[in-house]
Every structure is written in structure tokens, then in C-alpha cells.
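[1] task: produce atomic coordinates for the following.
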Amino acid sequence: IVAVPVALLMIGGEFDLSAGAMIGSSGLLLGYLATFQDMNIWPAIAIVLLFGLAIGFVNGLVVIRTNLPSFIVTLATFFVLQGVNAALTLKLTGTTAIQEIDSATGFESARRFFASELTQYDFKVKVLWWIGLTLVGAWLLAKSRFGNWIYSAGGDPVAARNVGVPVVRTKIALFMMTSGVAALMGIITALELRSIQAKEGIGLEFIFIICAVVGGCLLTGGYGSVIGTFFGAAMLGMVQLGIIFAEWDSNWTFTFQGAILFAAVMLNTIIRSRAQKAR
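    The predicted structure follows:
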């Protein structure tokens, strides 16, 4: 799910390494509002989504105003969120998790909407969120003016600005989309598990980037595909399931993910090099 906006952000020429920690932060905020503040789950969800958008806005604004690499800015955000997640959760609960989120008013209706399972077919509703966000992202890139702005901002921001593309607004919007969808993923995770760990989502930021790169997104920006990212995520998922079904040590998952990333980067480089020579 989060790989979709991460791909859009990479096409726009930026990175967000705080997306994984944002999942945990959002789930913990939802758990805090629902269990410690006795808030109805639906207003709590709205607050969490606004929180995600706000973090994305701050990330984008800092990147634009300081001209620092987004890699550094969002890495700093990652460490801030990770520390806050662990410290505040431990202070509030005495442990590193918030439990009994299902005791909140409105929990069941929210869970049905965001994280239920069709038990007859063993189908999870979050798959529909994944497909839906992929279709929206693909439409944005292919059919909307905003999609053209994304490619232009990532390919050559100076030239894009000279022809009237709102590069600043485009990049800030992409950061907000990424953090907002990460917040959505935190909500889905908390509702699905009925609890949330302080370390939830840590490390997934690299998986999101791998999905985008395997799907054809360049690390330099200006090129990529949401549909390709969809299949990249599906490929990584199949590799992970294959290792489980083969009863291998799960640690081999990281080895295969690294190998797939390296192969994808090399293949993208070779294809683009040959395409440029052909011109």
C-alpha cells in the first residue's frame, strides 16, 4: 500500500525514509486516542490521518526551504518518530505496545471498513485498498496534469519551474501523500491486530523503495510506474511466501530482497543506457 505513494515521490525526485516509522506512530496515536482518551474510533482515525498529512507537510517544507537532500531530512524524521514511539509508549503503558484497541467505541465498524477478512475466501480488505490506491496512482500519472508535474519535477526541476510547473507545491503534496498513506497503513495495522507495537513498521521504508525500484522507478527521479511498483510489490511478496512455504530460514528473505534490488537497478541502468544510445 505505502509503496504506491513512495513510487510517486521517487518519480518526483525525492525519498521518504520516515514512512516505516510513520506506520508505528499512526497506529500508536490511534491506540492512545481510543484507549487512553476514550475517543470514538472514527474521530480518532480522522485525527491520525491529519497527523500523517502534517508530518508529510513538514518533511516537504524542510526539504524545499533548506535544499537538504530528502534522504537526510526524512532520515532525521525517522529517528525522531522512532524515539517518540518507544519513549511515550513505555511511559504510558509500561510496555512497548498499546493493547485492547478493540475496546474503543466504533471499533468493529472501522475494522470492517479498513481491515476485515472475508473468511469464506480468506481475502483481506486491505488488498482492495492496495489495488484501489494503485489504480488512483496510475490514473494520476497517466491522465492528470498533476502526473505531468510529477515527471517534470523529478526529471528537471529547474526547467519545469521555468515552464510554469509548481515544483514546490508538487513535491510537498507528494510528501503529504506518502505520510498520509503511511498513516492509513498504521490505522489498518492497529485495527487488524487490535494492538500496536512501538517498533511497528521499522525497516519497511526500505521495502517500499525496493518495490518501487523493482517496478522500474529510477533512484534519480523523473521515470517510473505505479503499475510496475504494484508488480514489484507482488514479486517481493511471492518471494517471501515462497521462502515460508519452502520452510527455509526466514532470514534468507533479506538476502533475496537485496539480490532482487541489485538486479533491478542493474537492469534499469542497462535498458536506459541502450535506449539513449538508440536515440
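[2] what comes into contact with stretch 104-116?
    Taking contacts as Cβ atoms under 8 Å, 6 or more residues apart in numbering, the residues outside stretch 104-116 that touch it are 34-35, 38-42, 44-45, 101-102, 124-126, 129, 187-189, 191-192. Every residue, glycine included, has its C-beta placed from N, CA and C.
[3] how far does that stretch sit from the chain's center?
    For stretch 104-116, the gap between its own C-alpha mean and the chain's C-alpha mean amounts to 22 Å (Cα atoms, centre = their mean, to the nearest Å).
[4] now the buried members of the contacts of stretch 104-116.
    By neighbour count, with 16 or more other Cβ atoms under 10 Å, the contacts of stretch 104-116 hold 34-35, 39, 41, 44-45, 101-102, 125-126, 129, 187-189, 191-192 as buried.
[5] quick one: which of these is nearest to residue 217?
    For these, the closest approach to residue 217 (Cβ to Cβ) belongs to residue 129, at 20.7 Å.
[6] now for residue 54, how many residues are close by?
    The burial metric for residue 54, expressed as a neighbour count using other Cβ atoms under 10 Å, is 14.
[7] so when I look at it, I'm seeing a strand, right?
    No. Per DSSP: H, G, I helix; E, B strand; the rest coil, residue 54 lies outside any strand segment and is helix.
[8] how near is it to residue 170?
    As judged by Cβ to Cβ, to the nearest Å, residue 54 and residue 170 stand 18 Å apart.
[9] what does residue 239 give?
    For residue 239 relative to residue 170 (Cβ to Cβ), the value is 33 Å.
[10] give me the more crowded residue out of those two.
    Ranked by neighbour count (other Cβ under 10 Å), residue 239 and residue 170 place residue 170 first, with 21 against 16.
[11] read off the pLDDT value for residue 29.
    The predicted local confidence for residue 29 comes out at a pLDDT of 95.
[12] within the helices and strands, which one has the closest residue to it other than its chain neighbours?
    Setting aside the residues directly before and after it, residue 29 is nearest to residue 48 in space (Cβ to Cβ, 6 or more residues apart in numbering), at 5.2 Å. Secondary structure here is read from DSSP states H and E; on that basis residue 48 sits in helix 41-66.
[13] quick one: that helix to chain centroid distance?
    13 Å.
[14] now do stretch 146-154
    Here the centre of stretch 146-154 is set off from its chain's centre by 19 Å, with Cα atoms, centre = their mean.
[15] return the set of buried residues in it.
    Judged by neighbour count (16+ other Cβ under 10 Å), stretch 146-154 contains these buried residues: 147, 148, 149, 150, 151, 152, 153, 154.
[16] as CSV, these with distance to residue 20, secondary structure and pLDDT would be great.
    Conversion of those to CSV gives the following (distance: Cβ to Cβ, whole Å; DSSP: H, G, I helix; E, B strand; the rest coil; pLDDT from 0 to 100):
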residue, distance to residue 20, secondary structure, pLDDT
147, 26, helix, 93
148, 30, helix, 94
149, 27, helix, 95
150, 22, helix, 95
151, 26, helix, 94
152, 28, helix, 94
153, 24, helix, 93
154, 22, helix, 92
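[17] only C-alpha atoms, please: export stretch 190-206 in PDB.
    Output in PDB follows, covering the C-alpha atoms of stretch 190-206 (Å, rounded to 0.1, in the frame of the first residue of the first chain):
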ATOM      1  CA  ALA A 190      -3.800  -1.300  14.500                       C
ATOM      2  CA  LEU A 191      -7.300  -2.300  13.600                       C
ATOM      3  CA  GLU A 192      -6.300  -5.700  12.200                       C
ATOM      4  CA  LEU A 193      -4.100  -6.700  15.200                       C
ATOM      5  CA  ARG A 194      -6.200  -5.000  17.800                       C
ATOM      6  CA  SER A 195      -3.000  -3.700  19.300                       C
ATOM      7  CA  ILE A 196       0.200  -1.900  18.100                       C
ATOM      8  CA  GLN A 197       3.900  -2.300  18.900                       C
ATOM      9  CA  ALA A 198       6.200   0.700  19.200                       C
ATOM     10  CA  LYS A 199       8.600  -0.800  16.700                       C
ATOM     11  CA  GLU A 200       5.800  -1.400  14.100                       C
ATOM     12  CA  GLY A 201       6.800  -0.500  10.600                       C
ATOM     13  CA  ILE A 202      10.500  -0.100  11.300                       C
ATOM     14  CA  GLY A 203      12.500  -1.300   8.300                       C
ATOM     15  CA  LEU A 204       9.600  -1.300   5.900                       C
ATOM     16  CA  GLU A 205      10.800   2.000   4.400                       C
ATOM     17  CA  PHE A 206      13.500   0.100   2.500                       C
END
